[in-house]
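Engineer: Sequence and predicted structure below; questions after.
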Amino acid sequence: MASSFAERIIGAARLDVNIYEEVEADTSALGQALAVVVMASIAAGIGSLRDGGFKGLLMATVAALVGWFVWAGLTYIIGTKILPEPQTKADMGEMLRTIGFASSPGLLRVLGIVPFIGALVGLITSVWMLMTFVVAVRQALDYKSTGRAVAVCFIGFIVYVAIGFGMMLVMGAGASILGPATP
C-alpha cells in the first residue's frame with residue numbers, strides 16, 4: 001500500500017529506506033517530490049526573510065529548483081557511470097524523486113525566522129539533509145554500501161560547488177562588463 005504524501009515526507013525525514021524505495025518505484029511521485037523541494041525552499045526563504053526579503057524568497061525558490069535538477073543529474077552520472085556497484089540501476093526520474101523527498105527536513109528551515117534559534121535550526125537541518133541525501137542516493141542507485149553513497153555525494157558536492165562558483169564568476173564578469181543594473 002502506498003503511503004500518503006505526509007507519511008512520505010515524515011518517513012523521508014526519518015531516514016526510512018522503505019519510503020525511499022517506495023518513491024523510487026512510484027513514477028507518479030515526481031510531482032510530490034517537486035512539491036517537497038518547493039515547500040522546503042519556500043520554508044528556507046521565509047526563514048531568511050529578515051536577510052533577503054521577498055526577492056530573496058523568490059531567488060531561493062528558483063535556486064532550489066535548479067539545484068535539485070543539477071544535483072540529481074550529478075549524482076546520477078557519478079553514481080551510475082563513475083562509481084556504480086554491480087547491481088546499480090537507476091534513471092533520472094528515480095534520482096529526482098528520492099532526492100526531492102530528501103529535502104523534507106528543509107521544511108523546518110521556516111523556523112530560521114525565529115530570533116536566536118534560526119542559525120541553529122539552519123545548521124541542524126543542513127546536517128540532517130546531508131544524511132537524507134546519502135540515504136536517497138544509496139536507495140536510488142541500489143547501493144549496498146553507504147560509503148559509496150557518501151563518496152557520490154561528496155564528489156557531487158565538490159562539482160556542484162565548482163559549477164556554482166563558475167556561474168558566479170561568469171555572472172560577475174557579465175555584470176562588470178555590462179555595468180551596474182539600473183532601477
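Structural biologist: Now that the structure is in, tell me what you want to look at.
Engineer: other SSEs contacting the helix or strand of the chain with the lowest mean pLDDT?
Structural biologist: Within the chain, judged by mean pLDDT, DSSP states H and E, the helix or strand with the poorest mean is helix 146-178; its value is a mean of 78. Under the contact criterion of 3 or more C-beta pairs under 8 Å, 6 or more residues apart in numbering; DSSP states H and E, the helices and strands touching helix 146-178 comprise helix 49-77, helix 118-140. The way it works is simple: take the backbone N, C-alpha and C, and place the C-beta from them, glycine included.
Engineer: For the residue lying closest to I155 once chain neighbours are set aside, the count of nearby residues, please.
Structural biologist: Ranked by C-beta to C-beta, 6 or more residues apart in numbering and with sequence neighbours excluded, the top spatial neighbour of I155 is I78, at 5.4 Å. I78 is flanked by 20 other residues according to other C-beta atoms under 10 Å.
Engineer: Would you mind listing where the chain has pLDDT under the threshold?
Structural biologist: Low-confidence segments of the chain (pLDDT under 70): 1, 51-52, 171-183.
Engineer: switch the cut-off to 80
Structural biologist: Screening the chain residue by residue with the criterion pLDDT under 80, one finds the ranges 1, 47-64, 163-183.
Engineer: what's the closest residue to L49 other than its chain neighbours in contact with, if anything?
Structural biologist: Leaving aside its chain neighbours, L49 sits nearest to I113 (6.0 Å; criterion: C-beta to C-beta, 6+ apart). When the contact criterion is C-beta atoms under 8 Å, 6 or more residues apart in numbering, the partners of I113 are 46-50.
Engineer: Tell me the most packed of these, by neighbour count.
Structural biologist: Neighbours here are counted as other C-beta under 10 Å. On that basis the top member of those is G47, with 24 neighbours.
Engineer: isn't that one right up against G122?
Structural biologist: Yes. Contact between G47 and G122 holds when scored by C-beta atoms under 8 Å: they sit 7.3 Å apart.
Engineer: list the residues that contact both of the two?
Structural biologist: Taking C-beta under 8 Å, 6+ apart as the contact rule, the neighbours common to G47 and G122 are 109, 112.
Engineer: count of neighbours near T27?
Structural biologist: Burial measure for T27: 11 neighbouring residues, criterion other C-beta under 10 Å.
Engineer: ok, it to A13 distance?
Structural biologist: Distance, T27 to A13, using C-beta to C-beta, to the nearest Å: 22 Å.
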